[in-house]
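# after the sequence you'll find the predicted model.
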Amino acid sequence: MRVRLRLSTVENVACVLLLTAMSVVVFLQVLFRYVLNSPLVWGEEVSTLLFAWSTFLGSAVAVRQSSHISIDALVTYLPGSVRRSLQSVVDVIVIVLLLIFVKSGIELTLEARTIVTSTLGISQSYVYAAGPVGGVLMLYHYAMKLVGGVRQALPVKGSS
């Protein structure tokens, strides 16, 4: 439980810092380009990097909080046990898709090691790594959700 709490804290703080940094960089880009007539050459690459990381870490936070968009118009009319079973099936499907996503993301990240950004001079894999890292975090949260659902569905020992 302490690991989950610490991971949640790290994810939340990272998202706040990334979004704040991205907002500052974009603001500075606008300020320097249109007010000072001297655009920042590195601003776009930094904001792209920050955007990628905030997107995938934010997705993991959304999975943890169960705040992704879902269509539950029909599901709400199902009995509780059927609804929980259906949710478990959906979670397993999402886990399989995330495993494919993480595998492909790792391959893409490794292929991008030799591609260097034009102004920062860093490997493009730093941007691409956001996908697999966020994917692993989403996998963790879906696995915890699935385990919690299974535990909830199991009968309590000693009760008949």
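Here it is on my side, so go on.
# by contact count, what packs against the helix or strand Gln87 falls within?
Assigned by DSSP states H and E, Gln87 belongs to helix 80-111. If you count contacts as 3 or more Cβ pairs under 8 Å, 6 or more residues apart in numbering; DSSP states H and E, helix 80-111 packs onto helix 125-128, helix 130-153. Every C-beta, even on glycine, is put in place using the N, C-alpha and C of the backbone.
# out of these, which gets nearest to Met1?
Between Met1 and the helices and strands packed on helix 80-111, the shortest gap by Cβ to Cβ is with helix 130-153, which sits at 10.3 Å.
# and the contacts of the closest one?
Here helix 130-153 makes contact (Cβ atoms under 8 Å, 6 or more residues apart in numbering) with 4, 7, 11, 52-53, 55-57, 59-60, 63-64, 66, 81, 84-85, 87-88, 91-92, 94-95, 98-99, 101-102, 105-106, 108-109.
# figure out how far that helix is from the centre of its chain.
In terms of Cα atoms, centre = their mean, to the nearest Å, the centre of helix 130-153 is set 11 Å apart from its chain centre.
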